[in-house]
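Novice: need a 3D model of the following:
(2 chains)
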Amino acid sequence: MNRNVWRRFKNNAALSIVYAFTGLALVPLGLVLWYTIIKGLPAVSHPEFFFNVERPVGIPGSGISHAIVGTAMMVGMASLVAIPVGVVSGVYLAEYGHARWATWVRLASDVLVGAPSIALGLFAYAILVVPFHHYSAISASAALSILMLPVVIRTTESAVGLIPRGLRESGLALGLPRWRVSLQLIVPAAAPGVITGALLAVARAAGETAPLLFTAFGNPLWSLDPTHAMSALPLIVFRDALTPYKELQDQAWGAALVLVTMVLVINLASRWVLRRQIRLAGQL
Amino acid sequence: LSAVVDAGPKVPAAPKTIDRYRTFTAFVSCAAPAALIVIVLTLLQQALPAISHYGAAFLVRTAWNPVTLDFGALPYIYGTVLTSAIAIAIALPVGLAVSLFLAEQGAQGVRGAMGTGVELLAAIPSVVFGIWALYVLAPFSLEHLETPITERLGFIGFLSGAPRQTSIFTASLVLAIMILPTLSAVSRDVIRAVPRGLRESSVALGATWWETTWRVLLPAARAGIFGATVLALGRALGETIAVTMVIGNRDEIPPSIFSPGYTLASKIANEFSEATGNLYPSALIELGLVLILVTLTVNLIALLLVRSTQARMAA
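Specialist: Have a look, this model is predicted:
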């Protein structure tokens, strides 16, 4: 009897620890969001923050419009390459997953997910900055597209994998060639899942700083030229946060708030799309 | 006997059709492996001047002097390994608890919300963790963690010294928060893959939840959880920006974990855009090469561990 009391006590203690630690894990999320909102609001509450470009310390009316546009442009250019290539690769993995080559592609993309982003920045610097002798948005996009690629590949593969065999078999039974089954039946059915992957990749790329440090480099002026240095939200946060000026620190918090909002909205949207996909795949 | 079996009538081979769709998609899918190889080779080529000039001694020397072109990587390797190790030590118990919580049956509403919360933690950009750590976590850690610990346990060498806001310890704390989602998500999947029968047999024998978890679930999922930890270690090793903002950036092997240090990634982030000449950038790229090779190896090991566990469970 005494032993069972001890066992029950041990069980309850372990359960409480598990619950407590799980709660503890969410504390940083709450704190990061809370402080970003509280400290970012003063900067964000001025409308010129979204319409002006950076101004020197002491001159009011500084803004980050050029960084918002820069982030959008660089991530957009990276998506133009990474999403099509990633989707086609993912479809290949899902359609011909048992081929020996597919194993290597899968392994490579899983390993690539973990490649340090700063190394991708060094790589882009070596191939696109050194030959042209100046920093450029396009080199940053190259680094970001490598970062996005494995995310798109693996989510596309699992989205296509969710589609029931029956759909493919009915297509093949009707005498359709494999590519038409794939492109006209399977991929459209898996589209929401594929979009989820693309959105997640976009969110990941938008928040990355390390690959931009010596590719896009940052630019205090308005610039839409992809062959020149360009600003980005993460660069503003990184550089301004480390300065001793209160105004710049506020600007960094404001940029952080904009960045977090962007990334979380994209993330939640992708979740919503994914839920629809799972429901849809269940109906097929 | 096999001769008899093989001696059937010859079936003509089916005419070979070229599946162009397959060829095309397979060709496009070369992008990921090709990128991986090209990245490593490019960095290797860019690092060659430093490699040939300093040789293997580069990895074990502690100098970093751009004026005399005297470079060594040891303090940065030390800082990278130490921050990651402390981060794992902090994140592992919490991550394991989260994964046990998420893998349990029942109350899926609460678990789903918790799971979403942990995944959103993974979505927050590194630089936002950085600015938060710099202005909120670092002062808190100095006042409520570092100072009390040095006051009470300062006689232990690596806990001694005057604590600083920006230190190895603060960087490790941020890293622990950042790797928590990876650690708990992968562990959860591994724990979920443990066959139901195992758990049910244990419960049927009268074991409590804890006894089932400790004696059945965790041992069965051990290799996979180890894999998840190694995967998280890979993330920690390569993390750049948040660490750069709070580690203190000092070129030495710090005596205490409360002193400022440096990591491979933050050294590159801070100095690369100012590096001039030939050997200086090349030495920084060699740091990057060391970093990517270590990270890729660690990742590969982790993946193989996780996959072999999941395959064994499925069998």
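Novice: list the contacts for the residue of the stretch 1-150 of chain A found nearest chain B?
Specialist: Of all residues in the stretch 1-150 of chain A, A:P116 sits closest to chain B, with a separation of 2.8 Å (CB to the nearest CB). Using the backbone N, CA and C atoms, a C-beta is placed for each residue, glycine as well. The contact partners of A:P116, by CB atoms under 8 Å, 6 or more residues apart in numbering or on different chains, come to A:A210, B:L237, B:G238, B:E239, B:T240, B:A265, B:G288, B:L291, B:I292, B:T295.
Novice: ok, the host helix or strand of the second one near chain A or not?
Specialist: Yep, that's B:L237 we're talking about. Using DSSP states H and E, B:L237 sits within helix B:222-238. Yes - on the criterion CB under 8 Å from any CB of the partner chain, helix B:222-238 is in touch with chain A at B:L231, B:G234, B:R235, B:L237, B:G238.
Novice: ok, the third one touching B:A176?
Specialist: No - under the criterion of CB atoms under 8 Å, B:R235 lies out of contact with B:A176, with a separation of 11.1 Å.
Novice: circling back: ok, the contacts of A:P116 vs B:A122, which is closest?
Specialist: Set against B:A122, the nearest of the contacts of A:P116 by CB to CB is B:E239 (12.3 Å).
Novice: roughly how far apart are that closest one and chain A?
Specialist: For B:E239, the distance to chain A equals 8 Å [CB to the nearest CB, to the nearest Å].
Novice: do B:T150 as well
Specialist: For B:T150 relative to chain A (CB to the nearest CB), the value is 24 Å.
Novice: ok, now which ones touch that residue?
Specialist: By CB under 8 Å, 6+ apart, the neighbours of B:T150 are B:L159, B:S160, B:G161, B:A162, B:P163, B:S256, B:F258.
Novice: also B:L284?
Specialist: Residues near B:L284 by CB under 8 Å, 6+ apart: A:L122, B:K267, B:I268, B:E271, B:F272, B:A275.
Novice: burial count for the first one?
Specialist: Which is A:L122. For A:L122, the neighbour count with other CB atoms under 10 Å in any protein chain shown is 32.
Novice: rewinding a little: farthest-separated two in the contacts of B:T150?
Specialist: Maximum distance among the contacts of B:T150 (CB to CB): 12.0 Å, for B:L159 and B:A162.
Novice: name the residues contacting each of the two.
Specialist: Common contact partners of B:L159 and B:A162 (CB under 8 Å, 6+ apart): B:T150, B:F258.
Novice: between the two, tell me which one has more neighbours.
Specialist: Neighbour totals were compared for B:L159 and B:A162, and B:L159 leads with 17 against 11 (other CB under 10 Å).
Novice: now that one, nearest residue through space, not along the chain?
Specialist: Once flanking residues are discounted, B:L159 sits nearest to B:L153: 4.8 Å by CB to CB, 6 or more residues apart in numbering or on different chains.
Novice: ok, A:G61 next?
Specialist: In space, A:G61 is closest to A:E48, 5.0 Å off (CB to CB, 6+ apart).
Novice: what of A:S79?
Specialist: Using CB to CB, 6+ apart and skipping residues adjacent in sequence, the residue nearest A:S79 is A:V202, 6.0 Å away.
Novice: list the buried ones in the helix or strand encompassing that neighbour?
Specialist: If you go by DSSP H and E, A:V202 is part of helix A:187-206. Under the neighbour-count criterion of 16 or more other CB atoms under 10 Å in any protein chain shown, helix A:187-206 has A:187, A:189-206 buried.
Novice: again with stretch B:145-157
Specialist: Neighbour-count burial for stretch B:145-157 [16+ other CB under 10 Å]: B:L145, B:E146, B:I149, B:T150.
Novice: can you list which of those residues are found in helices?
Specialist: If you go by DSSP state H, the buried residues of stretch B:145-157 have B:I149, B:T150 in helices.
Novice: contacting residues for the residue nearest to A:D110 when sequence neighbours are not counted?
Specialist: Setting aside the residues directly before and after it, A:D110 is nearest to B:L303 in space (CB to CB, 6+ apart), at 5.3 Å. Going by CB under 8 Å, 6+ apart, B:L303 touches A:L107, A:D110, A:V111, B:G227, B:L231.
Novice: ok, so of these, who is nearest A:A140?
Specialist: Within the contacts of B:L303, the smallest distance to A:A140 is 22.5 Å, found for A:V111 (CB to CB).
Novice: pretty sure that closest one sits against B:V298.
Specialist: No - taking CB under 8 Å as the definition, A:V111 is not a contact partner of B:V298, at 9.9 Å.
Novice: which neighbouring elements make contact with the helix ranked longest in chain A?
Specialist: As assigned by DSSP H, the longest helix anywhere in chain A is helix A:2-44. With contacts defined as 3 or more CB pairs under 8 Å, 6 or more residues apart in numbering or on different chains; DSSP states H and E, helix A:2-44 has these neighbours: helix A:246-283, helix B:74-103, helix B:108-123, helix B:126-132, helix B:168-192, helix B:209-212.
Novice: just name the most buried of those.
Specialist: Mean neighbour count (mean count of other CB atoms under 10 Å in any protein chain shown) peaks for helix B:126-132 among the helices and strands packed on helix A:2-44, with a mean of 28.
Novice: next structured bit after that helix?
Specialist: Counting by DSSP H and E, what follows helix B:126-132 is helix B:138-141.
Novice: picking up where we left off before, pLDDT, neighbour count and distance to A:F132 for the contacts of B:L303 - can I get that in TSV?
Specialist: Converted to TSV, the contacts of B:L303 look like this (pLDDT from 0 to 100; neighbours: other CB atoms under 10 Å in any protein chain shown; distance: CB to CB, whole Å):
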residue	pLDDT	neighbour count	distance to A:F132
A:L107	92	17	33
A:D110	91	20	33
A:V111	91	22	29
B:G227	90	24	42
B:L231	90	26	37
